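In: curious how this folds, go ahead:
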Amino acid sequence: MGMDTRLYQQLTNQKFALDQAAIVAETNAQGLITYVNPKFCEISGFTEQELMGKTHKVVNSCYHDPSFFKDLWKKISSGQVWVGEICNRKKDGDLYWVSTTIVPFIGDDGKPEKYLSIRHEITELKLAQKTILEQNEKLVASSRLSAIGEMAAAITHEINNPLGVILGRVEMLKSMLADPKPDTNELLRIADAIESTGYRIEKIVKSMRSMSHQQSDREPFERVMISEIIEDALNWCQSRFLDHGVQIIKPELINKSRVECRSYQIVQVLVNLMNNAYDAIQNLDEKWMRLDIRESQEELIIEITDSGAGIPNDVVAKMFDPFFSTKRVQYGTGLGLSISKSLLIQNGGDLVYDHQSKNTKFLMHIPKKQSN
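Out: Numbering: from 1, shown residues only. Prediction:
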């Protein structure tokens, strides 16, 4: 057997193996299909005759924006390989997903003269990913509602106190207005107290909106001051801490630094971490939680430290896993740290446990600006 015969047999074998595993198509420089293998026909439902001479618009699902294919064509026509995932439509109308590699072949003039696309169907994988994302969204929503339920009593307390102040001041106003010549300065002082207390309630309601916000990973990021995020989170927690003798040590909220994030998600994570700190230290002799802010050129870090003596190594190794929990069933789902970490990652940051601290400390990394 000569060299040419062996080479031909080798190439034939390789093509046979490729045809068994992949969808293969070749187009000319204008994008017209010049070759399809049997697997393309099998999966798309089109015959070879129906595909030849057509562009890939014949299987276009309209799932992707026109800009998606514009960018794809721009890249391969410049001689670069394109790799990505495409949603196509079968002849019967069903959608299917393919992991795609498109390789341009350059002619003597330095421009692509044809393109070879190699695809693998990943429809089941995409459906599984969609199911996982939907389940994760439900778990996040469930976790958020659970947190809201746990904090309902604290919020009621937060609002009842200022409402009591307002009602008391109103009674004083009525009493003073019964006087033919009421003290104007005293009336203004009472009105100022009512106003400031009303603003206090407004802040609490704003924090409640942040926690109950229906989140979506498609929502745009916003630039927000880190001090506003911390204040929103504290509105949820500080009464619970103070009423049970847990000291809160926090920075002066004058930091004007801004981060680019979905602020309601950052508030949710911070509230979860503070609640975890409370649960961990409520029975200790020394009960405190401290918030600190550190920043670099790229990111801002919120440190949440409590008076606990740290977390055992065997727990640290598993605490970010879904459903892992050291709490009794009725006190938690084990979703808190897992979801908190995933929310920060969605915001371009991360949640890290500080192994070096002598006390229990978590670090929330939040980017100052989202990378493109």
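In: burial count for V271?
Out: 25 (other CB atoms under 10 Å). Just so you know, the C-beta spots here come from the backbone N, C-alpha and C atoms, and that holds for glycine as well.
In: apologies, that question was intended for E85.
Out: E85 has 13 neighbours, counted by other CB under 10 Å.
In: and the helix or strand hosting it, which residues are buried?
Out: Using DSSP states H and E, E85 sits in strand 82-89. Buried residues in strand 82-89, counted by 16 or more other CB atoms under 10 Å: 82, 86-89.
In: try stretch 39-57
Out: For stretch 39-57, the neighbour count (16+ other CB under 10 Å) marks 39-41, 43-44, 46, 51, 56 as buried.
In: then stretch 183-200?
Out: By neighbour count on 16+ other CB under 10 Å, the buried set for stretch 183-200 is 190, 194, 197, 200.
In: now do the SS call for L343.
Out: Here L343 takes the helix state, with states given by DSSP: H, G, I helix; E, B strand; the rest coil.
In: ok, it to Q268 distance?
Out: 7 Å (CB to CB, to the nearest Å).
In: next, G93: phi, psi?
Out: phi 100, psi -10 (degrees, to the nearest 10).
In: how about the buried residues of stretch 183-200 in CSV, adding pLDDT?
Out: Formatted as CSV, the buried residues of stretch 183-200 follow (pLDDT from 0 to 100):
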residue, pLDDT
I190, 86
I194, 86
T197, 79
R200, 72
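In: which strand residues bridge the closest residue to L72 other than its chain neighbours?
Out: The shortest distance from L72 to any non-neighbouring residue, by CB to CB, 6 or more residues apart in numbering, is to W82 (5.4 Å). On the basis of DSSP bridges, W82 is bridged to I102.
In: quick check: W82 touching K75?
Out: Yes. Using CB atoms under 8 Å as the test, W82 is close enough to K75 to be in contact (5.0 Å).
In: quick one: N235 is in a strand?
Out: No. Using three-state DSSP, the secondary structure at N235 is helix, not a strand.
In: and it, how many neighbours?
Out: Neighbour count of N235, defined by other CB under 10 Å: 24.
In: compare L343 and Q268 (neighbour count), which wins?
Out: Q268 (27 against 23).
In: isn't the more buried one up against L344?
Out: No. Q268 lies out of contact with L344 (CB under 8 Å); the separation is 10.2 Å.
In: which neighbours do these two share?
Out: The contact sets of Q268 and L344 do not overlap (CB atoms under 8 Å, 6 or more residues apart in numbering).
In: residue contacts, V103?
Out: V103 touches 81, 115-118, counting by CB under 8 Å, 6+ apart.
In: rerun that using 7 Å as the cut-off
Out: Each residue near V103 by CB atoms under 7 Å, 6 or more residues apart in numbering is listed here: 81, 115-116.
In: quick one on the thing from earlier: tabulate the buried residues of strand 82-89 in a markdown table, adding columns for pLDDT and distance to M364.
Out: Output for these, formatted as a markdown table (pLDDT from 0 to 100; distance: CB to CB, whole Å):
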| residue | pLDDT | distance to M364 |
| --- | --- | --- |
| W82 | 94 | 37 |
| I86 | 93 | 37 |
| C87 | 93 | 36 |
| N88 | 94 | 41 |
| R89 | 93 | 43 |
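In: among those, find me the one that's closest to K318.
Out: C87 (36.7 Å; CB to CB).
In: how much space between that closest one and N60?
Out: From C87 to N60 the distance is 9 Å (CB to CB).
In: what are the ranges of the helices in this protein?
Out: In the chain, the segments counted as helices under DSSP state H are 3-21, 38-44, 48-51, 66-77, 123-177, 184-212, 226-243, 263-281, 313-316, 336-346.
In: winner for burial among those?
Out: helix 263-281 (a mean of 23; mean count of other CB atoms under 10 Å).
In: which other helices and strands contact that helix?
Out: helix 123-177, helix 184-212, helix 226-243, strand 299-306, helix 336-346, strand 360-367 (3 or more CB pairs under 7 Å, 6 or more residues apart in numbering; DSSP states H and E).
In: just the buried residues of the contacts of V103.
Out: Looking at these with 16+ other CB under 10 Å, the buried ones turn out to be Y115.
In: and the contacts of V103 as JSON lines, adding distance to L337 and pLDDT?
Out: Conversion of the contacts of V103 to JSON lines gives the following (distance: CB to CB, whole Å; pLDDT from 0 to 100):
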{"residue": "V81", "distance to L337": "40", "pLDDT": "94"}
{"residue": "Y115", "distance to L337": "47", "pLDDT": "93"}
{"residue": "L116", "distance to L337": "46", "pLDDT": "91"}
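In: redo the contacts of V103 as a markdown table? Include distance to T12.
Out: Output for the contacts of V103, formatted as a markdown table (distance: CB to CB, whole Å):
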| residue | distance to T12 |
| --- | --- |
| V81 | 25 |
| Y115 | 22 |
| L116 | 17 |
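In: closest to L7 among the contacts of V103?
Out: Proximity of the contacts of V103 to L7 (CB to CB) peaks at L116, which lies at 19.2 Å.
In: so what's that closest one bridging to?
Out: Counting by DSSP bridges, L116 is bridged to E26, V103.
In: roughly how far does it sit from E50?
Out: 20 Å.
In: same check on I302?
Out: Going from I302 to E50 by CB to CB gives 59 Å.
In: ditto for Q370
Out: Distance, Q370 to E50, using CB to CB: 44 Å.
In: got it, and G84?
Out: Per CB to CB, G84 is found 25 Å from E50.
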